[in-house]
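> Fold the following, please.
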Amino acid sequence: MSEQGPEPGPELEIVHLLRKVTVEFGLRQAEFAALHHMHSTDVRALICLLDAGRAGTDATAGWLGAQLGLNSAGTTAVIDRLERLGHLTRTRDPRDRRRVLLAVDERAVELGWAFFGPLIENIVAVLRDFDEQETAAVRRFLLAAHRAVTAIP
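Here you go, the predicted structure:
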């Protein structure tokens, strides 16, 4: 390790490639947000809610605020804006009527697929050229990279 960071090598090249992909994803998210009159935080909120749905996690305003790093006022503003745009629904939790659960509206899912579908399909096509071991290595790397990034305060 030099004073300016890791020595150049294949690991650093992969970090730079990951950054390049991340920047492109960010640009697409910003384009989607602008096209649909949203803030970038709105898109992040929708992604969090979609991930929660896939994981079977109950998404409440408090949970969403924690995911986004927002205070309650900021979280309420995002939720209100997304609901007003028709991208989010609020429903009472059938197990605890005091709680309100958040979910992405089906129309927003369709809107997202119309925009991001071709990008996702291209990435899936790339991964289909990988064998099981290569796919497992990519998954292991991305999970570990995510843990490394989120471990930094």
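> What pLDDT is listed against the residue most central in space within the chain?
Geometric centre of the chain, nearest residue: residue 47, 4.1 Å, by Cα atoms, centre = their mean. Predicted confidence (pLDDT) for residue 47: 96.
> Could you look up the SS state of it?
When classified by DSSP: H, G, I helix; E, B strand; the rest coil, residue 47 comes out as helix.
> Relative to residue 70, how far out is it?
14 Å (Cβ to Cβ, to the nearest Å). For glycine as for every other residue, the C-beta is placed from the backbone atoms N, C-alpha and C.
> Repeat that for residue 58.
From residue 58 to residue 70 the distance is 18 Å (Cβ to Cβ).
> Comparing these two, which residue is more hemmed in?
Comparing residue 58 with residue 70 by other Cβ atoms under 10 Å, the one with more neighbours is residue 70, at 18 against 14.
> Checking the more buried one next. Helix, strand or coil?
Judged by three-state DSSP, the three-state class of residue 70 is coil.
> Surely it and residue 79 touch.
No. Between residue 70 and residue 79 there is no contact under Cβ atoms under 8 Å: 10.0 Å.
> Would you quantify the distance from residue 54 to residue 103?
Distance of residue 54 to residue 103, given as Cβ to Cβ: 12 Å.
> Looking at the two, which one has more neighbours?
Shown here are residue 54 and residue 103; by other Cβ under 10 Å, residue 103 has more neighbours (17 against 8).
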